[in-house]
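In: just need the structure, nothing else, for what follows:
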Amino acid sequence: MLASSIALLRTHDITIKQCAISKNAILGGSHPLIDILNFNLNAKVVNSLAKKQLIFLSQIISADGLFLLRYSDLNVRPTIRKSSGKIPWWFHKLESEIIEFPSISRRIKSRWHIENTSKTLNYLPVPDINRTRMHDWVAVWDRYRQQTIIGHIVNKNISTNSVIVSHGLHYTDNDLASPSYNLPIIYECPGCVINNPRYNSIWNSIKRRTYTTYLCTNQYDVDLCVKIPKVTNIKGTDHRILNVSLFELEHLAKARYDNFINNEITSNNSLELVSDILENDIMQFVNLDSRPRLQQFRDTFNN
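Out: The predicted structure is shown next:
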């Protein structure tokens, strides 16, 4: 049977070659952790990493390739199994090995910088615009202030595909340390240049005519928002702690904005149109989906 099968392959000029890649080879990562930490093949550590599906340093580096994630951040990375409980000693050892100044920052040494990929930029979802009662916590890039805004959604508008976000500020208890070193703790902004007063009062119920007043709000396209998976209230305070580091959220939000603009340029085949839309300060109060139509409407008067 085997001989006749081989003869049939030869008849049809088909050859079989052995794949050069071992079936046990692990692909798609940079800098194996075992090589960095020199565990001497410690079985206990190797098994611990294997259970969490942790193989490469690139799996636990921030999306911009410049920071080592916190151990709690690993819970939201899709390729890593849940990493709860006490921080293992090997993670502390890794921090001391690759972070430039471990006592004040989480920025890694330049030799370990890793270029990001599309997979590391899009692993957190967009909020569901149809779940209007869900006040998701989000990160979103504010083009006019050139910074990432952290806050929670206080209103969703399905017809305009937009959300109103109540702005939050990073609480730091150590001014001598980098923001990347301090925990991702947020409190309500008392009001700043981001605030658009027209969105400060939000209706809770049109029938009951009740509303809530916020101190610092603005409107954003929901497709630009990065949903934060989990936010926990800190007992006895009005502060909340995020389960994703701020330096990670800042880069994910900026990357999502850049991708959105690039897609707009591609779909409209007009860099000039998109550039003009973005440079018009009036447009910050207009939903992104409506901006091209408004621009075209304005052009009819100019012509």
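In: contacts and neighbour counts: CA atoms only from here.
Out: OK.
In: does residue 97 lie in a helix or a strand, and which?
Out: helix 89-98 (DSSP states H and E).
In: now residue 234: closest residue in space, sequence neighbours ignored.
Out: Closest residue in space to residue 234, ignoring its immediate chain neighbours: residue 240 at 5.5 Å, by Cα to Cα, 6 or more residues apart in numbering.
In: hmm, who's touching stretch 104-119?
Out: Identification of contacts with stretch 104-119 by Cα atoms under 8 Å, 6 or more residues apart in numbering yields 30, 58, 61, 63-69, 98-101, 176-181.
In: who touches residue 231 in this structure?
Out: Listed by Cα under 8 Å, 6+ apart, the contact set of residue 231 reads 137, 240, 241, 242, 243.
In: which residues in the stretch 101-250 of the chain form helices?
Out: Here the stretch 101-250 of the chain has its helices, by DSSP state H, counting those that start in this stretch, at 118-121, 246-268.
In: which one of these lies closest to residue 90?
Out: helix 246-268 (22.0 Å; Cα to Cα).
In: average pLDDT for the closest one?
Out: For helix 246-268, the mean per-residue pLDDT is 83.
In: which residues touch it?
Out: Residues from elsewhere that reach helix 246-268 (Cα under 8 Å, 6+ apart): 62-64, 67, 69, 121-122, 139-141, 147-149, 180, 184, 224-226, 271, 274.
In: switch the cut-off to 7 Å
Out: If you take Cα atoms under 7 Å, 6 or more residues apart in numbering as the criterion, helix 246-268 is touched by 62-64, 121, 139-141, 148, 180, 184, 224-226, 271, 274.
In: still on that earlier bit, most neighbours out of the contacts of residue 231, which is it?
Out: Compared across the contacts of residue 231, residue 137 has the highest neighbour count, 22 neighbours, by other Cα atoms under 10 Å.
In: is it in contact with residue 154, as I believe?
Out: No: using Cα atoms under 7 Å as the test, residue 137 is too far from residue 154 to be in contact (9.5 Å).
In: buried ones among the contacts of stretch 104-119?
Out: 58, 61, 63-69, 98-101, 179-181 (16 or more other Cα atoms under 10 Å).
In: pull the most distant pair out of these.
Out: 58 and 179 (21.9 Å).
In: may I see the buried residues of the helix holding residue 97?
Out: Within helix 89-98, the residues scored as buried using 16+ other Cα under 10 Å are 95, 98.
In: on that earlier part again, got a markdown table for the contacts of residue 231, with distance to residue 210 too?
Out: Output for the contacts of residue 231, formatted as a markdown table (distance: Cα to Cα, whole Å):
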| residue | distance to residue 210 |
| --- | --- |
| 137 | 23 |
| 240 | 26 |
| 241 | 29 |
| 242 | 29 |
| 243 | 32 |
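In: which one of those residues sits closest to residue 88?
Out: Distances from residue 88 to the contacts of residue 231, taken as Cα to Cα, are shortest for residue 243 (18.1 Å).
In: tell me which residue is most central in the chain.
Out: Nearest to the geometric centre of the chain sits residue 252, at 3.3 Å (Cα atoms, centre = their mean).
In: ok, that residue to residue 232 distance?
Out: From residue 252 across to residue 232, the span is 21 Å (Cα to Cα, to the nearest Å).
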